[in-house]
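**Student:** Predicted coordinates and the sequence they were generated for:
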Amino acid sequence: MKAEKLFQRRVILSETAFAEIVVWRVPAPISGSMHSYKYRLAYVVRGECVLRYDNEAGKGDHRHINDREETYRFSSPRQLMTDFFEEIRRWSDEHADD
């Protein structure tokens with residue numbers, strides 16, 4: 001089985017921000033992950049990626065918030081998207097005056 005792209009979408013959230021979401025089902029877990037998905041979700045504001053969730057080979061499931069990187073506990077693609085958009089809301093609330 002080859003990797004199967006399940007979802008790819010760019011969501012325009014404002015004049016200056018968008019989210020890019022790509023999720024694949026893979027035949028075997030990516031090194032560092034325990035599930036059969038490969039993903040990258042990015043929130044870009046004014047041309048800068050301020051939030052990213054991904055499972056880069058060897059690093060496993062993690063997220064980047066501004067310059068900070070931390071482990072992410074993946075449970076399902078649906079929960080991944082819920083968590084990502086909740087983090088966008090939180091980030092946007094914190095930076096509303098920027």
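**Tutor:** Yep, that arrived.
**Student:** only C-alpha atoms for contact and neighbour calcs from this point on.
**Tutor:** Fine.
**Student:** buried ones in stretch 70-77?
**Tutor:** Neighbour counts using 16 or more other C-alpha atoms under 10 Å place 72, 74, 77 of stretch 70-77 among the buried residues.
**Student:** could you dump these to CSV with pLDDT, secondary structure and distance to residue 31?
**Tutor:** Putting those into CSV (pLDDT from 0 to 100; DSSP: H, G, I helix; E, B strand; the rest coil; distance: C-alpha to C-alpha, whole Å) gives the following:
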residue, pLDDT, secondary structure, distance to residue 31
72, 95, coil, 15
74, 96, coil, 14
77, 94, helix, 18
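**Student:** Which of the residues you listed sits closest to residue 8?
**Tutor:** Nearest to residue 8 among the buried residues of stretch 70-77: residue 77, at 12.4 Å, using C-alpha to C-alpha.
**Student:** Helices of this protein, residue ranges please.
**Tutor:** 77-94 (DSSP state H).
**Student:** Kindly export stretch 59-76 (C-alpha atoms) in PDB.
**Tutor:** Provided in PDB are the C-alpha atoms of stretch 59-76 (Å, rounded to 0.1, in the frame of the first residue of the first chain):
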ATOM      1  CA  LYS A  59      10.800  13.300  15.800                       C
ATOM      2  CA  GLY A  60       7.400  11.800  16.200                       C
ATOM      3  CA  ASP A  61       4.200  13.800  17.000                       C
ATOM      4  CA  HIS A  62       4.900  17.400  18.000                       C
ATOM      5  CA  ARG A  63       3.900  21.000  17.600                       C
ATOM      6  CA  HIS A  64       5.600  24.300  17.200                       C
ATOM      7  CA  ILE A  65       4.200  27.400  18.800                       C
ATOM      8  CA  ASN A  66       6.200  30.400  17.700                       C
ATOM      9  CA  ASP A  67       9.800  29.300  18.500                       C
ATOM     10  CA  ARG A  68       8.800  26.600  21.000                       C
ATOM     11  CA  GLU A  69       8.600  22.900  20.200                       C
ATOM     12  CA  GLU A  70       6.700  20.400  22.300                       C
ATOM     13  CA  THR A  71       5.400  16.800  22.200                       C
ATOM     14  CA  TYR A  72       1.900  16.400  20.900                       C
ATOM     15  CA  ARG A  73      -0.200  13.400  21.900                       C
ATOM     16  CA  PHE A  74      -1.900  12.200  18.700                       C
ATOM     17  CA  SER A  75      -5.100  10.200  19.100                       C
ATOM     18  CA  SER A  76      -7.000  10.600  15.700                       C
END
